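Novice: Build me a model from this:
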Amino acid sequence: MPAVLLLPAGKALTVRTAADAFLDSLTNPNTVRNYGIAVGKTAEHLGEGRPLATVADDEIGEALELLWGRSAVNTWNARRGAVLSWTSWCAERGYDGPVVPVWAKRMPPPDSDTPVRTKMAIDRLIARRDVHLRGKTLWRMHYETCARSEEILDVNIEELDLAGRRCPVKSKGALPKVRRRGAARADYVLETVFWDAGTARLLPRLLKGRTRGPVFVTHRRPGPGKVLSARDVCPDTGLARLSYGQARALLDQHTAHAGPGTGWDLHEYRHSGLTHLGKAGASELMLMAKSRHKKAENVRRYFKPSAEAIAAVTSLLAPATGAGDRFGLPLVL
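Specialist: Residues are numbered from 1 along each chain as shown. As a prediction, the model looks like this:
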């Protein structure tokens with residue numbers, strides 16, 4: 001049984017002790033690494049040996065501004081969020097300490113610089129004779145589902161609902177649920193993605209009678225030294241699941257215009273699909289449902305109603321027939 005760390009209360013708690021205790025409470029290694037940068041540098045700037053209770057709110061804000069005030073917006077938001085989690089964690093446990101000041105605000109995320117490919121360009125690429133059926137199906141499925149690349153690549157054949165043109169995918173950031181005694185279970189949050197006729201025509205041809213295993217597989221069997229889980233290997237052919245790196249290289253191979261690494265990115269299919277839906281008049285709520293974003297601000301960049309749509313909704317504000325008579329004004333037709 002691991003030793004229990006008893007922390008001193010109130011003003012006896014130093015900045016470094018509070019930072020180490022907060023980081024030790026985190027279980028995800030990626031979170032520990034990312035939060036460790038923000039919390040560690042902030043603690044070092046404030047003075048690691050100082051009592052936490054003597055640190056003022058503005059000192060936290062000034063440290064953030066000095067360390068990351070000129071960084072990219074996403075970097076600022078990430079570092080600020082880590083320090084905010086740290087100070088909130090301390091407050092929840094009754095430790096005297098500062099909070100992130102109101103003036104150190106979270107910055108609005110910048111507009112995405114991901115290119116939007118036209119429908120004609122997407123259709124032309126998928127129609128090319130030199131593109132294998134696997135690539136055609138993968139790219140069309142990416143575009144029509146507007147799903148994340150990892151979600152589509154992780155799908156197995158037995159999970160497909162070909163008649164309903166849908167399948168469940170593991171949601172972003174899904175973590176295994178934990179039992180009371182700490183044993184992990186293989187339970188994940190699943191969300192449904194939908195495709196249309198383009199994918200529906202290609203999928204049966206790609207599967208070729210296979211009924212289980214990964215939908216997208218490599219063209220060669222894995223080497224003897226490569227260890228894979230049973231879920232990542234087709235039991236009928238012995239082929240392994242197509243990885244994200246392999247899928248990205250495949251797309252780059254057919255779209256590069258100035259050497260390797262200059263082609264399209266897999267995320268562009270999701271980005272382009274949502275943008276096309278927004279331009280076609282899909283509502284913000286429908287875009288959230290399609291993309292499965294949890295925050296409206298993340299889909300607002302795709303919500304671009306046309307001038308005709310704005311004119312149509314403006315017509316709802318027109319006075320009703322006979323309204324001029326009620327106000328003693330002439331009715332203009």
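Novice: C-alpha only now, for contacts and for neighbours.
Specialist: Will do.
Novice: which stretches of the stretch 1-150 of the chain aren't confidently modelled?
Specialist: 1-12, 109-112 (pLDDT under 70).
Novice: scratch that, the stretch 201-333 of the chain
Specialist: 321-333.
Novice: can you pull out the helices in this structure?
Specialist: 15-24, 29-46, 57-68, 73-92, 119-126, 133-145, 149-153, 197-207, 244-255, 267-279, 284-291, 307-314, 323-326 (DSSP state H).
Novice: Save those helices as CSV, and put in mean neighbour count and distance to Asp161 too.
Specialist: CSV is the format used below for the helices of the chain (neighbours: other CA atoms under 10 Å; distance: least, CA to CA, whole Å):
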stretch, mean neighbour count, distance to Asp161
helix 15-24, 19, 43
helix 29-46, 17, 34
helix 57-68, 17, 47
helix 73-92, 18, 38
helix 119-126, 14, 23
helix 133-145, 22, 13
helix 149-153, 19, 14
helix 197-207, 16, 10
helix 244-255, 17, 23
helix 267-279, 21, 21
helix 284-291, 18, 17
helix 307-314, 10, 35
helix 323-326, 11, 54
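Novice: Out of those helices, which is closest to Ser229?
Specialist: Evaluated with CA to CA, the helices of the chain place helix 149-153 nearest to Ser229, the distance being 14.9 Å.
Novice: Just name whatever secondary elements the closest one is in contact with.
Specialist: helix 133-145, strand 166-170, helix 244-255 (3 or more CA pairs under 8 Å, 6 or more residues apart in numbering; DSSP states H and E).
Novice: Redo the helices of the chain as TSV? Include distance to Arg300.
Specialist: Shown next, in TSV, are the helices of the chain (distance: least, CA to CA, whole Å):
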stretch	distance to Arg300
helix 15-24	34
helix 29-46	27
helix 57-68	26
helix 73-92	17
helix 119-126	21
helix 133-145	18
helix 149-153	21
helix 197-207	27
helix 244-255	27
helix 267-279	9
helix 284-291	7
helix 307-314	16
helix 323-326	36
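Novice: quick one, which of those helices is nearest to Pro168?
Specialist: Comparing those by CA to CA, helix 149-153 comes nearest, at 9.1 Å.
Novice: what does the closest one contact?
Specialist: For helix 149-153, contacts defined as CA atoms under 8 Å, 6 or more residues apart in numbering pick out 138, 141-142, 169-171, 214-216, 241-244, 266-267.
Novice: how about these, which pair is most distant?
Specialist: Comparing every pair within the contacts of helix 149-153 by CA to CA identifies Pro214 and His267 as the most remote, at 20.6 Å.
Novice: and the most centrally placed residue in the chain, what pLDDT?
Specialist: By CA atoms, centre = their mean, the mean C-alpha position of the chain lies nearest to Lys172, the distance being 6.1 Å. Per-residue confidence (pLDDT) for Lys172: 70.
Novice: distance of Gly49 from Trp264?
Specialist: For Gly49, the distance to Trp264 equals 50 Å [CA to CA, to the nearest Å].
Novice: thinking again about what came up before, quick one: which of the helices and strands packed on helix 149-153 is nearest Gly198?
Specialist: helix 133-145 (6.7 Å).
Novice: List the contacts of the closest one.
Specialist: Against helix 133-145 from outside (CA under 8 Å, 6+ apart): 126-127, 148-149, 152, 193-196, 198-199, 202-203, 206, 216, 250-251, 266, 269-270, 272-273, 290.
Novice: sorry, back to before: would you list the helices and strands packed on helix 149-153 in CSV and tack on distance to Arg93?
Specialist: Listed next are those as CSV, based on distance: least, CA to CA, whole Å:
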stretch, distance to Arg93
helix 133-145, 44
strand 166-170, 34
helix 244-255, 41
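Novice: Out of the ones you listed, which gets nearest to Arg16?
Specialist: strand 166-170 (37.7 Å).
Novice: Please export the C-alpha coordinates of the closest one as CSV.
Specialist: Extracted in CSV, the C-alpha atoms of strand 166-170 (Å, rounded to 0.1, in the frame of the first residue of the first chain):
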residue,chain,number,x,y,z
ARG,A,166,-24.0,4.3,-39.1
CYS,A,167,-21.6,2.9,-36.5
PRO,A,168,-20.5,3.7,-32.9
VAL,A,169,-17.1,5.2,-32.3
LYS,A,170,-15.1,5.7,-29.1
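Novice: what about Gly225, how many residues close to it?
Specialist: Using other CA atoms under 10 Å, Gly225 has 6 other residues around it.
Novice: tell me the contacts of it?
Specialist: Here Gly225 is in contact with no residue (CA under 8 Å, 6+ apart).
Novice: do the same with Asn34
Specialist: If you count contacts by CA under 8 Å, 6+ apart, Asn34 has none.
Novice: run the last query once more with 10 Å
Specialist: 78-79, 82 (CA atoms under 10 Å, 6 or more residues apart in numbering).
Novice: just Ala43 next, same as before
Specialist: Taking CA under 10 Å, 6+ apart, we find Ala43 in contact with 14-20, 49-50, 52, 60, 63, 83.
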